[in-house]
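Enquirer: can't give you the sequence, but here's the structure:
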């Protein structure tokens with residue numbers, strides 16, 4: 001079957017946003033005199049939304065629901081101001097998107113990052129590249145819930161099985177499977193190839209241009 005659309009994860013797939021996310025959270029932690037974390041540690045905090053990241057970053061002794069909510073609001077405020085300071089596309093991504101656009105392949109972004117921030121990053125770093133960019137609006141719709149992915153397929157008038165779902169984490173692969181889309185794992189992001197394979201990836205790519213081969 002010829003694939004006619006692609007849904008991309010954002011962080012760890014299209015852009016390396018690790019440092020901006022980490023810097024924002026560490027700013028909040030420093031303000032509270034809590035221990036901060038390294039970029040390597042934050043690599044494993046990313047993927048399930050910023051609220052979940054905040055929970056993982058806070059000390060176990062200061063991890064109540066109220067504290068998480070307060071720090072989440074502070075973190076989002078910090079991150080909103082710096083979300084495109086160090087964040088950059090991965091190697092080959094801009095060329096890939098240009099190639100796909102020339103072939104009239106439908107493209108969208110679906111992220112567990114807050115919807116406002118997802119749209120901001122996608123529009124500023126990849127202007128006019130995507131039909132839509134959808135982030136997290138409510139915890140109930142967080143990946144691996146496939147609802148938003150299926151809604152994108154409906155808006156495109158495509159069957160889910162005509163769509164590639166490209167991501168760097170187990171959550172992305174599970175989302176693809178739940179949506180009945182073709183899961184493609186990328187190895188340049190925040191997770192390992194074994195994790196991608198074990199969570200259902202049907203294809204693994206090591207550089208952006210390999211996605212054209214799958215199409």
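Expert: Cool, got the structure. Just so we're clear, the structure is a prediction, and the values are computed from it rather than from any experiment.
Enquirer: from here on, contacts and neighbour counts on C-alpha atoms
Expert: Will do.
Enquirer: Domain parsing of the protein, as residue ranges.
Expert: The chain breaks down by automatic domain parsing into domains covering 5-16+88-214, 18-82.
Enquirer: got these as CSV, with mean pLDDT and mean neighbour count columns?
Expert: CSV is the format used below for the domains of the chain (pLDDT from 0 to 100; neighbours: other C-alpha atoms under 10 Å):
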stretch, mean pLDDT, mean neighbour count
domain 5-16+88-214, 96, 19
domain 18-82, 94, 17
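Enquirer: Output the contacting helices and strands for whichever strand or helix holds residue 109.
Expert: With secondary structure defined by DSSP states H and E, residue 109 is part of strand 106-114. Applying 3 or more C-alpha pairs under 8 Å, 6 or more residues apart in numbering; DSSP states H and E, one finds that strand 106-114 makes contact with strand 5-8, helix 50-57, strand 132-136, helix 147-156.
Enquirer: change it to 7 Å
Expert: strand 5-8, strand 132-136 (3 or more C-alpha pairs under 7 Å, 6 or more residues apart in numbering; DSSP states H and E).
Enquirer: Those into CSV, with extra columns for distance to residue 213?
Expert: Putting those into CSV (distance: least, C-alpha to C-alpha, whole Å) gives the following:
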stretch, distance to residue 213
strand 5-8, 14
strand 132-136, 24
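Enquirer: so which of those strands gets nearest residue 172?
Expert: strand 5-8 (9.1 Å; C-alpha to C-alpha).
Enquirer: Run through the helices of this structure in chain order.
Expert: Along the chain, counting by DSSP state H, helices occupy 18-31, 39-42, 50-57, 65-82, 93-102, 115-125, 147-156, 170-178, 193-198, 210-214.
Enquirer: Which one of the ones you listed lies nearest to residue 8?
Expert: Comparing those against residue 8 with C-alpha to C-alpha, the closest turns out to be helix 170-178 (9.1 Å).
Enquirer: partners of the nearest residue to residue 182 once chain neighbours are set aside in the sheet?
Expert: Of all residues not flanking residue 182 in the chain, residue 164 sits nearest, at 4.8 Å (C-alpha to C-alpha, 6 or more residues apart in numbering). Judged by DSSP bridges, the bridge partners of residue 164 are residue 6, residue 182.
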